[in-house]
Structures are given as C-alpha cells and as structure tokens.
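Asker: predicted model and sequence below, questions to follow.
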Amino acid sequence: MSETTDIAIEYRDVTKAYGEKTVLSHFDLRVQKGEFLTIVGSSGCGKTTALKMVNRLIEPTSGDVLVGGRNVRDVDAIELRRSIGYAIQGSVLFPHMTVEENVSYVPNLLNRRDRARTERAVSKWMDIVGLPQDMLDRYPAELSGGQQQRVGIARALAASPDTLLMDEPFGAVDEITRGQLQTEIARIHRECGITIMFVTHDIGEALRLGTRVLVLDAGRIQQYGTPQEILARPATEFVERLVARQRHACDLSDERLCACEHSGAARAEAALLAQGADKGE
Amino acid sequence: MLVQMLDLLATRRDFFLGLLLEHVQISLVSIAIAIVVGGIAGILISEFQRAAKPTLAVVNFLYTIPSISMLGFLIPFSGVGDATAVIALTIYALLPMVRATHTGITNVEPAILEAARGMGGTRMQTLLRVRLPLALPVIMSGIRNMVVMTIALAGIASFIGAGGLGVAIYRGITTNNAAMTMAGSLLIAVLALVVDFVLGFVEKRMGMRSKAAKRTNCRLAVGALVACGVAAACAVVPGMVAAAPATINVATKPMTEQYIMGNMLKDLIEQDTNLKVKVTQGVGGGTSNIEPAMESGDFDLYPEYTGTGWAMVLKKGGTYSEDEFGQLKAGYRKKGLSWVGMYGFGNTYGIAVRSDVAKRYGIKTYSDLAKVADRLKLGAEADFFERADGYDALCKAYGMRFGSTMQLDIGLKYDALEQGSVDALIIFTTDGKLSHASATVLKDDKGFFPSYECGNVVRTKVLEQHPELRAVLKKLDGTITESDMARMNYQVEEKGKDPEDVAREYLRAKGLLK
C-alpha cells in the first residue's frame, strides 16, 4: 500500500497509434514521487506523446495512465491539467498579457476571488525563478529569451502543482543561458520537492538534470535508470551510441588535461608543436 | 459647380444636417447589429470549424447580390423605409465582419493554444482570455473596412424611401440638380473618412499597452460612452415628451412633379388641419414599391396616375380611358384605397425623337416611326419595358421593332437623347425638359397610349379616421393644367429652384395657401 502512494505517475501497457503508425507500444513505467525524470530520444521516438498523456492532451489508444494513483480517464481533464504544471518549448507566453498576468493565468482560472493570494503566489515564484519584481508589468516581447523561459517556468508552477511537465523547455535558447536555466530548474526541484517529467533530445541535459533517465527509441523503452547506470552500463546498442561522448568525457583539471595523451587539448597541442617543428626546419 | 455646391450646403444647412443625422443613425444601427451578429457567427464558426465553409459560402453569396435587387427582395417582407435599409446594410456588413473574426481567431498560433489548453483553460476561458484578445487587431481592421463600406452603401437606402444623404443624391439626379447630388456624395465621403479616422485612433489606442495608456483608454472609453448616451437621449427624449399628433405618411415617386405635389400636399394639409405630414420623397421603383406599402399601411397617401393604376395595380388589360374611371375606383375600393382630388393634368406617355433624326427620316407619326424603328435606339424607364401597356404592346400595335433599347433612369433620359446614346425616347407630357429639348414629339395616330390623369390615392381607413383630409384633397381638384405642371417641372429641373418653393409659390398664386 505504501509503495503505491509513492508513485506519482504510472503507465500500464500504454500503446498509442495514429492509424498504421505506432508511436508508443506496450509502454510500462513508474515514476516515484519527487523524482526528476528526464526522457531522451531522437525526434519521433514518442517522448512528447508519453508526456502529453499525463495531462490528457493525448489519450492512449490502449492501456492506462495513473497520476497520484488515479486513472486519468476518471478525472476531469480540466481539473487534471490545472493540478499539473505544463511548460513547453519556447515557453510560449501569451503575448497580449503582462508577465504578472501570464504567471497568474492558472491561479486566476482556479480562484478568481482571492486576488491577494494570487499576488503572493506570483511574487513568490518570481523570486524562486530569479526574476526581479519590477518585471511584472512588462510584456513578453520586452524580455530576453532566458527571461521568457523563467516566466514560463513561473507560470507552470504558479498554482503550486505536485507535478511539472516540461517539453524541451530550453530548446530555443543559447548555450550559456541554457546552462543557467538548467542550474535553476535543478535548484527549484531540490527546493520544492516536486515531481518533474522533462523531455529533451539532448542526452547531456538528460544526464545532468535527471535523477532518473528514460531512453526511448521508436516507441520502445531502451533503458530506464539513474544517470550513473545509463553511463556505466548502457543496456542496448542505441544507448551505447547515445552516451558514447559522455562516457569519453573526462574531468581532468586544465594542467593535467594536456598531460593526458587521450584528451582533445593534448592532441591539439601536439599538432601545433608538430607544425612549429616543420617550420623550424 | 463647387461654389454652387458650397452655397447649397450653406443655405440648406438644416436639410443636410437632418440627412446627415439620419445617415449616421441608419449606418450605426446596421454596423452595431453586424458587429454583434457577425462577431458571434465568426466566433461560432471558429469554434466549430465544420460550419465555417458553409457559413462563409452563404455570407459570400449574400454579399454578391446587387444592392438594388437586395432592396427589391426585401420590400415584400419589411416594406419600404429605414427598417429595410438597416436589414440590407446589415446583410452586406456581415461578410467582412464574419470573415475578419474567423480569420483573426483561427490564425492564433497553435503553440499558444496548446499552452492554454495544457494549463487547464476551458474552451470558453481559452476563447475569452487568449483567442479573442489575440484576434482583436484583425477583427478591428475588419470592422474599419466594414464601417466605411456601410456608410458608403447607406447612400442607396433612399431608393426604398429610407432617409440619409442618399436622399440628396437621388433628388439631385431626378430634378437635374448636380450641385445637390455632389453635396450629398461629398458629405457621405467626409462622414466615411471622419469615422475611419476615429476608428484608426481607437485602433492605435488599443495597441498601446502601458499602464498609463490603459488608464487614458479607460477614461476615453467612458467619455465616449457618456457622450453617446447624452446624444441618444437628446435625440429620443424630445420626441417622447412632445405629444405626437397624428401623422399622414405621404410618398412620392422619383419624379420632379411628384416632389412638387408632395410639398403641396404637406403645405395644404398642415395648414388646414392639425395633422402632421411626413413626406417620403422619391421612393425608388415608383408604383411597384409604393403601392404594396400603401396596402400594408406604411404610406397613407400618394399622387398616382389613372392609367398606371389600371395596368399595374389592378393588372387590367386594354387601353385605359377616363370612361372607365368608375371601374378603376371600384377596383381600388376592394384594396381599401380611394381616389380623392384629381389635379386636372394628365401625364401621358409619348414618343419623342431627336430633331435631326426626325428630319432625316421625315418622321411625324408613330406609323412613320415604325418604318425606320429598326435603325433606331429607344430609351425608356425600367417599368415601361415591364408594364402590360408598355414596350411590347406598343411594338405590336404599330408593328414596329427598334434596333435596340436602353433602360434609362427618368432623370437622365434627356441627357441620353442629347448625347445620342438613344434616338427616340418614351416621354411624359409634363416633362419640364421637353420644351427645351431638341426633340420632336410624335403623333399617336392609332391612339395607343392610355390616359394618365393625376390624382391622389388615399387609404380609405385614413379618410375615415380623419374626415377633414378629404376636404383638403378635394380643394386640389382641377387646380393644375398640363402646361402649369410642365412649367413647374422646368423651374425645378432647369432653373434650379427648390420643389418646396415652386410648390408654395404656385399654391399662393392660386390662393390656396396663405
């Protein structure tokens, strides 16, 4: 009994097909409460489909999805969605609303009367995602890409959901901003203890953020485990190829990096030296 | 011409101001209905996409119906007057409104809609909070187009007896007063531009999103609402407070002499009785639109011609002569209408040929004309080609066939003859321009055309309710001869006098008006 209450999200033999094309077949998965699950795979592998079944944006062809122990079919879709945070690629803020109106969108759908409570929630989440309060009156078009992502996260979390679904949320920002946002979302997960399902096509991001990583290919689970398990013991050839680069990455300090003959830095240094020697002769 | 027009605008300021107000009223009511109905339809077909194609097809179809025939269709259902005009204008305004709303709503980015859905917005919440606000710029530009179009189109409303600046245009055309036509057109254009400017300002303000701008917008909106409320109250309340006396609704056909008679009727009735007279001048289509409105009670009184009543209203065959007046009256009685007050002149059909043509072929009589008709082009009004005693009967009686025919508005036919667009014209014996046109009136040697004596057709019920009216109409018996009428027509059409003044002068000279 205690075991089932620890499960936040569960898939039981879920299949999704569009006509002839099966995007997800016999999918079984249990996500523990408080887990940061990253789902990784190439595009079309079914990762977004799996994610959208949690808040019933997509209904399975067969099988069941359970959220908090309840079959989502038995829950009103609108109520279900309001209890689950949702952030998608490019954050897609509502362009005609201020930051404040965007963040308070779901709280306003839930409790129209209690404005003070909504204001407190907005202000709290602005702090948590690291945005200054004076940004509340601005419109999305006036924000940088990174700021927009932060507002998108604040909006998804504003109604304090237990579960947060994220569909490639950082896909459209530059490398440096993405690093910052990854740090932020990891911190938010630690501080709030919510369950996060995070879809990405970047294995680096999946390994860095996930407490658990799910690797999908062609609608089938390739491996499900901790980042360490994925890295140390790739279960299939597909996973092995996927994590090859990460397996070969090394954390040597700068001085030692050049001393190690297998590092990219040492090879480049050796090449430069060889060129210099050619010219010297 | 410009000077004449400005002069006219200045001297008849109240007349034009009244028309302008009517124009604004008719347009605004149509626009308001179209925004609500079209907006709702646009929203519904965006929510239920399957209905979009058939709905747009229907609205498209309605839009392509020529405005004149649309008004014609509507008259049997809603009569003549403002209501029909509003219905027609609303129908035309629907297309741009429905289409703009549909386009605006369906073009909202799908990702934004998915976000709204994924966060748990209901269909209604997503529509009101996301789709509609994002569609607003497109809808607003649709409204701007629609408003300008409606104001311009409202100009034709006078064709079916509605008010508005079209009255000035139509009256200008029928009485050969170009300055009046221009003044009416100019005012419509100015009105459309001003309203478009105001809407452009509203659109700009709506695009401004800073807090200060929003506060100003609120104030402006409240101010505009209060101003509209006050204006509406000013327009409506005095009419409600003043005890309205019984009103006689007089209609006239779009002919100069009818304008003059309309004014005579108004002056005389209002002088001799406590009744108020509302004259709807120049109802387009003449008898075919006025007569049904008489039967339905929209109009109470109008000057008609015996021969027209015989053929078009009673739909009797044969050439009408005044011996059959008793039969005519009996036929009308069954429809609840009476003939009271015969003016004393007949406005009978005739054929006139341009003088040079008459000379070249030596045409003096209809029989002469019949021999060369196949080389000539005949111009006449639309109803002449329709009526039982019209074109076909004429051709049959004289065994003639014209080379071609042209449908001409009554106010333009002498110009057409002068310019050589037609060689022969169906004319009326009281046409003012006839005396000054280089045209030869031919002899009806076989007595084809029926008699068209002018008299008043009144609803019998109105005569019973207001017996004093009969006495006034009786006074008009035999007061105007054909040459009197032609001269009055000439004064209006060629000398640029107002029908009001010409009517008044004549009644004074006859001692009927103090």
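Answerer: Yep, it's here. Residues are numbered from 1 along each chain as shown, chains lettered A, B, ... in the order given.
Asker: just give the number of residues close to whichever residue of chain B sits closest to chain A.
Answerer: Residue of chain B nearest chain A, by CB to the nearest CB: residue B:120 (3.4 Å). C-beta here means a position set from N, CA and C on the backbone, and glycine is covered the same way. Using other CB atoms under 10 Å in any protein chain shown, the number of residues around residue B:120 comes to 25.
Asker: do the same with residue B:78
Answerer: Using other CB under 10 Å, the number of residues around residue B:78 comes to 18.
Asker: hmm, back to that, how near is the residue of chain B closest to chain A to residue A:31?
Answerer: The gap separating residue B:120 from residue A:31 is 21 Å, by CB to CB, to the nearest Å.
Asker: on the three-state scheme, the residue of chain B closest to chain A is what?
Answerer: coil (DSSP: H, G, I helix; E, B strand; the rest coil).
Asker: for residue B:388, same thing?
Answerer: The local conformation at residue B:388, judged by three-state DSSP, is coil.
Asker: excluding its backbone neighbours, what's nearest it?
Answerer: residue B:311 (4.9 Å; CB to CB, 6 or more residues apart in numbering or on different chains).
Asker: can you check residue A:193 too?
Answerer: Residue A:193 sits nearest to residue A:34 (CB to CB, 6+ apart), 5.3 Å away.
Asker: tell me the contacts of the one you found?
Answerer: A:8, A:193-195 (CB atoms under 8 Å, 6 or more residues apart in numbering or on different chains).
Asker: can you report phi and psi for it?
Answerer: Here is the backbone geometry of residue A:34 (degrees, to the nearest 10): phi 80, psi 0.
Asker: if I look at it, how far off is chain B?
Answerer: In this view, residue A:34 and chain B are 22 Å apart by CB to the nearest CB, to the nearest Å.
Asker: how about the residues of chain A by chain B?
Answerer: Counting by CB under 8 Å from any CB of the partner chain, the residues of chain A close to chain B are A:52, A:55, A:57, A:78-83, A:86, A:88-90, A:92, A:94-96, A:98, A:105-106, A:109, A:137, A:139, A:155-156, A:165.
Asker: out of those residues, which are buried?
Answerer: A:52, A:55, A:57, A:78, A:80-83, A:86, A:88-90, A:92, A:94, A:96, A:98, A:105-106, A:109, A:139, A:155-156, A:165 (16 or more other CB atoms under 10 Å in any protein chain shown).
Asker: among those, name the ones in strands.
Answerer: Among those, the members found in strands (DSSP state E) are A:86, A:88, A:165.
Asker: quick check: the last one touching residue A:197?
Answerer: Yes: here residue A:165 lies in contact with residue A:197, judged by CB atoms under 8 Å, at a distance of 5.2 Å.
Asker: give me the common contacts of the two.
Answerer: By the contact definition CB under 8 Å, 6+ apart, residue A:165 and residue A:197 are jointly contacted by A:51, A:54.
Asker: ok, the residue most central in space within chain B to residue B:410 distance?
Answerer: The centre of chain B sits closest to residue B:159, judged by CA atoms, centre = their mean, with a distance of 1.5 Å. In this view, residue B:159 and residue B:410 are 13 Å apart by CB to CB.
Asker: tell me the domain ranges of chain B?
Answerer: For chain B, automatic domain parsing gives the domain ranges B:2-207, B:247-346+B:452-509, B:349-441.
Asker: possible to save these as JSON lines with distance to residue A:69 and mean pLDDT?
Answerer: Listed next are the domains of chain B as JSON lines, based on distance: least, CB to CB, whole Å; pLDDT from 0 to 100:
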{"stretch": "domain B:2-207", "distance to residue A:69": "20", "mean pLDDT": "89"}
{"stretch": "domain B:247-346+B:452-509", "distance to residue A:69": "72", "mean pLDDT": "89"}
{"stretch": "domain B:349-441", "distance to residue A:69": "80", "mean pLDDT": "86"}
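Asker: for those, which one sits closest to residue A:273?
Answerer: Closest to residue A:273 of these is domain B:2-207 (CB to CB; 51.7 Å).
Asker: quickly note the distance from residue B:111 to residue B:414.
Answerer: Taken as CB to CB, the span from residue B:111 to residue B:414 is 67 Å.
Asker: neighbour count: those two, which is higher?
Answerer: Using other CB under 10 Å, the more surrounded residue of residue B:111 and residue B:414 is residue B:414, with 24 against 13.
Asker: where along the stretch 151-281 of chain A do the helices fall?
Answerer: Here the stretch 151-281 of chain A has its helices, by DSSP state H, counting those that start in this stretch, at A:175-192, A:203-209, A:227-232, A:237-248, A:254-259, A:264-280.
Asker: circling back: isn't the residue nearest to the centre of chain B right up against residue B:71?
Answerer: Yes: contact criterion CB under 8 Å: residue B:159 and residue B:71 qualify, at 6.0 Å.
Asker: how about residue B:200, nearest residue that isn't a chain neighbour?
Answerer: Among residues not flanking residue B:200 along the chain, residue B:144 sits closest, at 7.0 Å (CB to CB, 6+ apart).
Asker: which residue is nearest the centroid of chain A?
Answerer: residue A:198 (2.4 Å).
Asker: quick check: pLDDT value at it.
Answerer: Residue A:198 is assigned 94 on the pLDDT scale.
Asker: report the beta-bridge partners for it.
Answerer: Beta-bridge pairing for residue A:198 (DSSP bridges): residue A:38, residue A:166.
Asker: can you pull the phi/psi pair for the nearest residue to residue B:106 once chain neighbours are set aside?
Answerer: Leaving aside its chain neighbours, residue B:106 sits nearest to residue B:46 (5.4 Å; criterion: CB to CB, 6+ apart). Backbone torsions of residue B:46, given as degrees, to the nearest 10, read phi -80, psi -30.
Asker: can you confirm the residue nearest to the centre of chain B is in a strand?
Answerer: No: with three-state DSSP as the criterion, residue B:159 is located in helix rather than a strand.
Asker: quick one: residues contacting it.
Answerer: Residues counted as contacts of residue B:159 (CB under 8 Å, 6+ apart) are B:68, B:71, B:166, B:170, B:283-285.
Asker: tell me which two in the residues you listed are the farthest apart.
Answerer: Across the contacts of residue B:159, the longest distance by CB to CB is 14.2 Å; it joins B:166 and B:285.
Asker: neighbour count winner among these two?
Answerer: Neighbours per residue (other CB under 10 Å) separate residue B:166 from residue B:285, with residue B:166 holding more: 27 against 20.
Asker: for the more buried one, give me its contacts.
Answerer: B:23, B:154-159, B:184, B:188.
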